[in-house]
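J.: need the 3D shape of this:
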Amino acid sequence: MAVRTTTSTANVRKVGGATDSTTHSFSDEEKVAFADYINSALRGDKDLQTILPINTNDMSLFSAVNNGLVMCKLINDAVPDTIDERALNKTNLNAFRITENQILCINSAKAIGCNVVNIGPQDLSEGKTHLVLGLIWQIVKIGLFSKINLINHPELYRLLEPGETIEDLLRLPTDQILLRWLNYHLKNAGSNRRVHNFTNDIKDSEVYTIVMSQIAPQHCNRGPLSEQDLTKRAGLVLDNADKLGCRKFVTSKDIVKGHQKLNLAFVANLFNKWPGLEPIATPIPQIEETREEKTYRNWMNSLGADPFVNYLYEDLRDGTVLLQLFNKISPGIVDQRRVNVNPSNSFKKLENCNYCVDLGKQLNFSLVSIQGKDIMDANKTFTLAILWQMMRFHVLSILNSLGGGRKIGDNEILSWAEGKVRAAGKSSRITSFHDPTLRDGIFILDLIDAIRSGSVSYDLVERDGSDKANLMNAKYAISIARKIGATIFALPEDIVEVKNKMILTLLAGLMAVDLGVSH
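T.: Residues are numbered from 1 along each chain as shown. Down below sits the predicted model:
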């Protein structure tokens, strides 16, 4: 790994960039925390026996990720089954096969909602510190936050303030929910302390001591508060965390220094293992995310939606995220003078949402009967209609940019896919995006192999037509598609259920790879 390393103050390191005049900084604390987390999360994986454990005291983390296996396994730890391990290159790891693993990693990270702009396979293979740490943090955070919701924890209802509704809770970012959780336990413990951040408010360890003694009194007490040295007190807090199986991400120094990112991760992990909230006696309406909603949410987050979209409809109601996305799928279309960046009232939010509808019409979306108020009111049908057309426009715009000025639409994608498979001498055929023969995944696998011959190991393809076999093929197809460079947000179930919209985006992603290779 050809980098020049120097150490500066506050455990921040600087590494040389691509030229003598460029440097990038990274946090030594984060390097230690993430290496330790990977050692714990992936312990015992037979494919990583020669890599783990990673030495946390040197730069080993950045060489540990250079063949792609650690990062791919970390993605599956965060969001299980994202990557079909049959697609991973685990042996004979030459430069080409390592690059394939890194491409699979990047496209899979994108599929779970990571923003991977400016990260390429070579960056990971070379262990570029700031890019590696940034991607690891996104993956770990998505995994930690994935279960902090009303579906997995309906008892979060208890965090509502007087006069609030479930919708108010849904509007809160996950870090704000975690702060409420800490304050809920502080209040129930009879403490007057309250936290508003993961930096200054937790430095003296009092909050952690009280909360852990409240949620697990059988294991923890308030003994650490008798220690006046804050670093030693933080050490005692971590001894308590160890009893709960939660000694992750922070050292005593990280607590005392108020390292925001690592303390947020520590609290999220603590919540996931010891929420300490009484079950709700009266059932509350379950707000379960559909696959379609999840796909759009991950697509938006992969484009860098800010703030991160956690709850699809609630997080879009002020129009700001949608306006960001319009500018990403059609650069320059948004007149920033018309954007209310932090809309403080319903009128300004409605202005943003109305502008979103106007922009959709400029792009020739079909928006009959859809108004900005429908977005602001979180109308599911109309919001999904807009999102689908935005995603479709984005996919087609990428194809058109690669097509040398040739207009590419649905029919052209279908004709290309059918012709590509036929020309490769494959026997599978389809006539539409909702052709029932798509459900076994074989046409898609044939298409992938037609684009890059030898990429599909046909001995792994199931042919008995059972539901289980079809799903196995679909999982394999999506991972192999990502491995050859396709950006795919469809899920395996979309293939076996022949969801025509997602089939369109999948084939379009593969067509983009083919056009990219040919140009």
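J.: show me what the helix ranked longest in the chain is packed against.
T.: The longest helix of the chain (DSSP state H) is helix 380-402. Helix 380-402 sits against helix 291-302, helix 312-315, helix 320-329, helix 346-362, helix 372-376, helix 500-518, with contacts defined as 3 or more CB pairs under 8 Å, 6 or more residues apart in numbering; DSSP states H and E. Backbone N, C-alpha and C define where each C-beta goes, glycine included.
J.: any idea how far residue 412 is from residue 210?
T.: 63 Å (CB to CB, to the nearest Å).
J.: follow-up on the earlier one: other SSEs contacting the following helix or strand past the longest helix of the chain?
T.: Downstream of helix 380-402, the first helix or strand assigned by DSSP states H and E is helix 410-423. Under the contact definition 3+ CB pairs under 8 Å, 6+ apart, helix 410-423 sits against helix 442-451, helix 500-518.
J.: which of these sits closest to residue 120?
T.: helix 500-518 (13.8 Å; CB to CB).
J.: so where's this protein shaky on pLDDT?
T.: 1-12, 14-24, 283-286, 517-519 (pLDDT under 70).
J.: tell me, what residue is most central in it?
T.: Central residue of the chain (CA atoms, centre = their mean): residue 113, 3.1 Å from the mean position.
J.: give the helix, strand or coil label for that one.
T.: Three-state assignment for residue 113 (DSSP: H, G, I helix; E, B strand; the rest coil): coil.
J.: check contacts around it.
T.: Contacts of residue 113 were listed using CB atoms under 8 Å, 6 or more residues apart in numbering, and they are 142, 297, 298, 301, 302, 308.
J.: can I get those in CSV with distance to residue 490 and neighbour count?
T.: Below are those laid out as CSV (distance: CB to CB, whole Å; neighbours: other CB atoms under 10 Å):
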residue, distance to residue 490, neighbour count
142, 18, 19
297, 14, 22
298, 11, 20
301, 16, 22
302, 13, 20
308, 21, 20
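J.: let me know the closest of those residues to residue 201.
T.: For these, the nearest to residue 201 is residue 308 (22.1 Å; CB to CB).
J.: which residues touch the closest one?
T.: 113, 173, 301.
J.: cool, and residue 384?
T.: 292, 293, 296.
J.: please tell me how far it sits from residue 325.
T.: Taking CB to CB, one finds residue 384 at 14 Å from residue 325.
J.: now swap in residue 314 and tell me
T.: Residue 314 is 16 Å from residue 325, by CB to CB.
J.: next one: the residue nearest to the centre of the chain from residue 41, what distance?
T.: The value you get for residue 113 to residue 41, if CB to CB is used, is 19 Å.
J.: likewise residue 409?
T.: For residue 409 relative to residue 41 (CB to CB), the value is 44 Å.
J.: when the two are compared, which one has more neighbours?
T.: residue 41 (16 against 11; other CB atoms under 10 Å).
J.: returning to that earlier point: settle it for me: which of residue 314 and residue 325 has more neighbours?
T.: Higher neighbour count among residue 314 and residue 325: residue 325, with 25 against 18, using other CB under 10 Å.
J.: correct me if wrong: the more buried one contacts residue 305.
T.: Yes - Residue 325 is within contact range of residue 305, at 6.7 Å (criterion: CB atoms under 8 Å).
J.: the stretch 151-300 of the chain: helices as residue ranges?
T.: 166-170, 174-188, 206-215, 230-243, 252-257, 260-273, 291-302 (DSSP state H, counting those that start in this stretch).
J.: need these in JSON lines (columns: distance to residue 506).
T.: Shown next, in JSON lines, are the helices of the stretch 151-300 of the chain (distance: least, CB to CB, whole Å):
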{"stretch": "helix 166-170", "distance to residue 506": "30"}
{"stretch": "helix 174-188", "distance to residue 506": "29"}
{"stretch": "helix 206-215", "distance to residue 506": "44"}
{"stretch": "helix 230-243", "distance to residue 506": "43"}
{"stretch": "helix 252-257", "distance to residue 506": "42"}
{"stretch": "helix 260-273", "distance to residue 506": "32"}
{"stretch": "helix 291-302", "distance to residue 506": "11"}
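J.: how far away from the center of its chain is stretch 326-342?
T.: Relative to its chain's centre, stretch 326-342 lies at 24 Å (CA atoms, centre = their mean, to the nearest Å).
J.: ends of it, how far apart?
T.: Terminal residues of stretch 326-342 are spaced 17 Å apart (CA to CA, to the nearest Å).
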